[in-house]
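K.L.:
make a model of this:
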Amino acid sequence: MANQYYINLHTKNLIESIRIFHQTFPLSSSVSSIEILMQIIILTSKDEVISLKKIYNSVPYAENTVRTYLRGLFKSGWITFIDGHDDNRVVCIEITPKFYRTLIQLSDLTMPISNT
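P.N.:
Prediction:
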């Protein structure tokens with residue numbers, strides 16, 4: 001019975017996280033925006049430098065689709081564009097504090113719940 005309680009609580013938190021994700025991040029009606037955003041989150045969690053080329057190569061969408069969505073994230077203050085660390089010809093993405101705070105809020109909701 002206790003395990004069912006923890007599963008229900010975790011499911012409730014997961015659903016709440018998905019709701020917050022959709023309400024908070026600027027998403028278009030296309031699934032491409034979700035996939036691009038997820039790639040940024042995955043690469044950020046790996047503490048990797050996120051180059052535009054890395055994003056273009058990680059999603060199955062035209063560069064124009066990716067560029068348009070990234071420009072929207074930039075204009076709304078979710079990401080910034082910076083020069084590459086080793087090569088100024090490389091353009092990289094850096095998440096803003098606004099983006100980081102939202103990730104923390106979502107991760108707090110989805111943290112595994114221990115039943116000990």
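K.L.:
can we go C-alpha only for contacts and neighbour counts from here?
P.N.:
OK.
K.L.:
so the most centrally placed residue in the chain, which state does it fall into?
P.N.:
Closest to where the C-alpha atoms of the chain average out (CA atoms, centre = their mean) is residue 41, at 3.4 Å. Under the three-state scheme (DSSP: H, G, I helix; E, B strand; the rest coil), residue 41 adopts helix.
K.L.:
what's the neighbour count on residue 73?
P.N.:
19 (other CA atoms under 10 Å).
K.L.:
ignore the last one, residue 90
P.N.:
13.
K.L.:
nearest residue to it in space, please, no chain neighbours.
P.N.:
For residue 90, ignoring the flanking residues on the chain, the nearest one in space by CA to CA, 6 or more residues apart in numbering is residue 84 at 4.8 Å.
K.L.:
again with residue 91
P.N.:
That would be residue 83: by CA to CA, 6+ apart, it lies 5.0 Å from residue 91.
K.L.:
again with residue 65
P.N.:
residue 32 (7.9 Å).
K.L.:
got the contact list for the one you found?
P.N.:
61, 65-66 (CA atoms under 8 Å, 6 or more residues apart in numbering).
K.L.:
go with 10 Å
P.N.:
Remark: with contacts taken as CA atoms under 10 Å, 6 or more residues apart in numbering, residue 32 is in contact with 38, 59-62, 65-66, 69.
K.L.:
same check, this time on residue 105
P.N.:
Counting by CA under 10 Å, 6+ apart, residue 105 touches 17, 20-21.
K.L.:
tell me which of the residues you listed fall in helices.
P.N.:
By the criterion of DSSP state H, membership of these in helices covers 17, 20-21.
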